[in-house]
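A.B. asks: Fold the following for me, if possible:
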Amino acid sequence: PPPAPLPPTEPPGKQQRENPVAEADAAEQTPQAAPNPANQETNAEAEARLPDVDVRQEPGDIGQSSDALKSDGPSTIAPAPPPAADMFPQAAVPDSAATPPQQAYAPAPPADADDALMIAQQIGPPAYSARRLAERLQLVEREGGSRATEDAVAAGLAWLAAAQSADGRWDASRWSAGRETRTLGQNRQGAGARADTGVTGLALLALMGAGHTHTEGPYAENIRAGLAFLLATQTADGSLAGDAAPFSQTYCHSMAAFALAEALATTQDGRLAAGVRRAVDHLVDRQDRAGGGWRYKPGAEGDMSQMGWVIMALRSAELAGVDAPPTVWSSIERFVRATRRGQAGGLACYQRTGPVSRTMTAESLYCRQILGWRVAGTAAADEAVSSLVSAVPGSGRANLYFWYYAGLALHHNRGANRTARHAWTHWNAAMTRTLTASQTAAGPDAGSWSPDTVWGGYGGRVYSTALATMCLEVYYRYDASAVARDPWIASRSPAGRFR
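C.D. replies: This is a model prediction of the structure:
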C-alpha cells in the first residue's frame, strides 16, 4: 500500500435489530424499548445487486471464517491487489474551484445554478480546510492529540488501503462482518454481512477525513476506485444500499451517500454530481413525512440511529451545492425535538417513545449542532455533556459507534465555557489513550482495530478500523476554530444558507 497518512470510519452491521445502536451503555443500565412487530416487516423494495460482478468470487480473495476473528489475533487474509487505475473514468478533473461542474445540481428549492456553485466552492472547501493544513500536527497537539495519534491514523489508513478489494469495494463479509454475537441477548442473524456499500462509505470517509481525495495524494487510486464502486451499485431510484439486507439498507445508503457527497464537496468533480443528486432524492422519497425520520422501510416511523447518518449525508450534499427541500429539514427538526428527553431536554431516546440512551444522546447532540441550533452553553448541552462524560472510553467494553458521535459533539462544544472545555479534555484523554493502546501493533492486521467491540461483530474489522480512525481525526475533520461557533462552518442554518 502507499505510505501511511490518516483515519477511517464505521459501517453499519445494524440490521435485523429493533435498536440498531443499542449502545455499550445500554448494556450497562439503560433498558431497551420493547420490540415493535410492525417494524420487523421486510422492505418491499428489491435489494439492489452489483451488475456483472461477484465480489465473493474474486481471484485471491481468501475467505476468513468467523472463528478466526473470535480473538484479536492477526488475520490470514492477504491484502487485495491495488484497484485498477481506470475504475474511475478519466474525465477531465477540475483544476480549480472556478471550473463549473459537468452536471447541473438542480437544488431544491430551485436556485440560481451559479449561486449554488459559488456556495459550494467558497463555503464547502473551507469547511474541510483543516484536513490539509501544513501545520496540522500543531493543530492536533493544541487540541489534545499528538504525534502518536497521527501515527495511529496513518497506520489505520494504510491497513484500510491494503484491505480494499480489487473491484474498489471494502467487502464486509471478507473482513468478518455479520458475525453473530447476540449482543444484548438478541440473535440478529449475522446482520452486516452484505453491508459492502456501508463499510465502503466509511472507509472512504476515513481516507478523505485525513485530507486525501480521488484527484491527488497517495490514496487517490483507492478513493477513486471506491467511489466508482458506489456509483456502479446505484440503482435507477438512487439507492446506494447495494446488496444489503433490509434492516441495513438505510444505513448503507446514508453512509455511501455521505462519502460521495463529501468527495464532491471537497473536489467539485462534476462526475459525482448526478449520483449525489439521486442519492439525496432517494432519501427525500423515503422520509417519514409525519414524524420526520427514516427507518428500514419508506415512510416508517424513524429512529435517531438512522438520523445521524442521514443528516451528515444531506449536509455534506448541501456543502457540495446539492440541496434537499426545506420541508425535509423542517421535518428533521421536528423529529429531533420529539426524541429529546431529560429535565433540560439534553438527553435523547431511540424513537419518540422509549428509554433514554447515552449513545442516542451523543448522536442527537451532534445532530442539533449540525442543524445550527443554539446549543453551546445551554442547560440542555450541559445535561447531555454530563451524560456522555460519565462513560468515557476505557470505562467499559469498547463502543466505537458511541465514541464517534460523542467525540464530534464534545469537540464542537469545547469552547462554550470552562466546563465544556474540561469535559472535552477529560473525554479526549481517555479516547486517545484507549485507541492508541488497542490498535493492532504487529502481523497482517497491523494498523487495524479488532472487531471485538459492542457492534464490531456485525460490522467487522473495516467498520471498527474506520470508526476508530475517524475518532482520532476529530481535531481536523471539520473547521477547528478555537472558538466554538453555533452554527459552525459544517452546520446548516435553518434558512438553508450559510451563516
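
A.B. asks: Report how many residues lie close to the nearest residue to Ala420 once chain neighbours are set aside.
C.D. replies: Leaving out its chain neighbours, the residue that sits closest to Ala420 by C-beta to C-beta, 6 or more residues apart in numbering is Asn413, at 5.0 Å. Heads up, the C-betas are built off the backbone N, CA and C, glycines and all. Asn413 sits with 27 neighbouring residues when counted by other C-beta atoms under 10 Å.

A.B. asks: Please apply the same query to Ser395.
C.D. replies: 13.

A.B. asks: helix or strand for the residue nearest to it when sequence neighbours are not counted, which one?
C.D. replies: Leaving out its chain neighbours, the residue that sits closest to Ser395 by C-beta to C-beta, 6+ apart is Ala430, at 7.4 Å. According to DSSP states H and E, Ala430 maps onto helix 418-438.

A.B. asks: Specify the angle between the following helix or strand past that helix and helix 418-438 in degrees.
C.D. replies: Where DSSP H and E defines the elements, the next helix or strand beyond helix 418-438 is helix 456-472. Helix 456-472 and helix 418-438 meet at an angle of 120 degrees, taking axes from the mean of the first three to the mean of the last three C-alpha atoms, to 10 degrees as the criterion.

A.B. asks: Any buried residues in helix 456-472, and which?
C.D. replies: Residues of helix 456-472 classed as buried by neighbour count (16 or more other C-beta atoms under 10 Å): 456-472.

A.B. asks: do stretch 283-297 as well
C.D. replies: Residues of stretch 283-297 classed as buried: 283-284, 286-288, 291-297 (neighbour count, 16+ other C-beta under 10 Å).

A.B. asks: How about stretch 400-418?
C.D. replies: For stretch 400-418, burial by neighbour count (16+ other C-beta under 10 Å) applies to 400-416.

A.B. asks: Kindly report the same for stretch 216-236.
C.D. replies: Buried, per 16+ other C-beta under 10 Å, within stretch 216-236: 217-235.

A.B. asks: What would that stretch look like as CSV? C-alpha coordinates only.
C.D. replies: Taking Å, rounded to 0.1, in the frame of the first residue of the first chain, the C-alpha atoms of stretch 216-236 are listed here in CSV:
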residue,chain,number,x,y,z
GLU,A,216,-4.4,13.7,-5.6
GLY,A,217,-2.3,12.1,-2.9
PRO,A,218,-1.0,8.6,-2.2
TYR,A,219,-4.6,7.1,-1.8
ALA,A,220,-6.1,8.8,-4.8
GLU,A,221,-6.5,5.4,-6.6
ASN,A,222,-8.1,3.8,-3.6
ILE,A,223,-10.6,6.5,-3.2
ARG,A,224,-11.3,6.7,-6.9
ALA,A,225,-12.0,3.0,-7.1
GLY,A,226,-14.2,3.1,-4.0
LEU,A,227,-16.3,6.0,-5.4
ALA,A,228,-16.6,4.2,-8.7
PHE,A,229,-17.8,1.1,-6.9
LEU,A,230,-20.5,3.1,-5.1
LEU,A,231,-21.7,4.7,-8.4
ALA,A,232,-21.8,1.3,-10.1
THR,A,233,-24.1,0.0,-7.4
GLN,A,234,-26.5,2.9,-7.5
THR,A,235,-29.9,1.9,-8.9
ALA,A,236,-32.3,4.0,-11.0
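
A.B. asks: Strands of the stretch 201-350 of the chain, residue ranges please.
C.D. replies: Assigned by DSSP state E, counting those that start in this stretch, the stretch 201-350 of the chain shows strands spanning 340-341, 347-348.
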